[in-house]
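In: Structure here, sequence nowhere to be found:
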């Protein structure tokens with residue numbers, strides 16, 4: 001592998017990992033605790049991730065339970081979930097908070113797929129920017145005679161193959177998520 005591409009390989013992987021985590025927060029018709037990943041709760045005077053102050057579990061296909069470790073932060077958790085506006089039904093049962101996941105309407109499904117496509121496009125833009133950085137580094141090395149023309153073309157071909165593979169992985173992740181969203 002050419003050293004310029006190898007140096008940016010972690011950037012390509014990071015984009016894919018971020019995209020997978022990011023689309024995990026999109027709501028499907030089933031209960032998924034990942035929709036709560038970005039929620040911050042004010043507890044003990046500081047903002048904490050929800051999973052740092054409570055246990056999150058999937059009770060059944062349509063409900064999630066959030067059990068605070070300290071019952072004193074129960075109201076703050078409830079408030080944070082409501083303010084996140086995830087479209088979940090929130091019921092505070094005292095010792096735990098039950099979240100019900102309503103069935104998605106066709107309109108909601110299409111809107112969610114639009115958000116999914118926007119997230120994918122942002123990831124593809126970052127991949128293109130990283131590709132340009134590597135391409136510029138290869139061309140600069142060739143201009144400075146640090147590599148031969150053959151090495152330059154091999155490096156460019158290897159870069160294009162790598163980018164095509166990453167874009168394909170991105171598309172596969174997107175397609176799986178779209179299938180989950182559109183599934184009734």
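Out: The structure has been received and is ready for your questions. The shown structure was predicted, so the numbers you read here are calculated from the model rather than taken from an experiment.
In: For the chain, which residues score under the pLDDT cut-off?
Out: 184 (pLDDT under 70).
In: Walking through the chain, point out its helices one by one.
Out: 3-24, 50-53, 74-84, 106-143, 149-182 (DSSP state H).
In: May I see those organised as CSV, with distance to residue 32 added?
Out: C-beta coordinates here come from the backbone N, C-alpha and C atoms, glycine included. Compiled in CSV, the helices of the chain are given as follows (distance: least, C-beta to C-beta, whole Å):
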stretch, distance to residue 32
helix 3-24, 7
helix 50-53, 14
helix 74-84, 14
helix 106-143, 12
helix 149-182, 9
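In: now for these, which one comes closest to residue 98?
Out: When these are compared by C-beta to C-beta, helix 74-84 sits nearest residue 98, at 10.5 Å.
In: Outline the domain layout of the protein.
Out: For the chain, automatic domain parsing gives the domain ranges 3-24+105-182, 33-100.
In: would CSV of the ones you listed with mean neighbour count be doable?
Out: Below are the domains of the chain laid out as CSV (neighbours: other C-beta atoms under 10 Å):
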stretch, mean neighbour count
domain 3-24+105-182, 15
domain 33-100, 16
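In: Enumerate every residue touching the residue of the chain positioned farthest from its centre.
Out: Distance to the chain centre peaks in the chain at residue 145, reaching 40.8 Å (criterion: C-alpha atoms, centre = their mean). Applying C-beta atoms under 8 Å, 6 or more residues apart in numbering to residue 145 gives no contacts.
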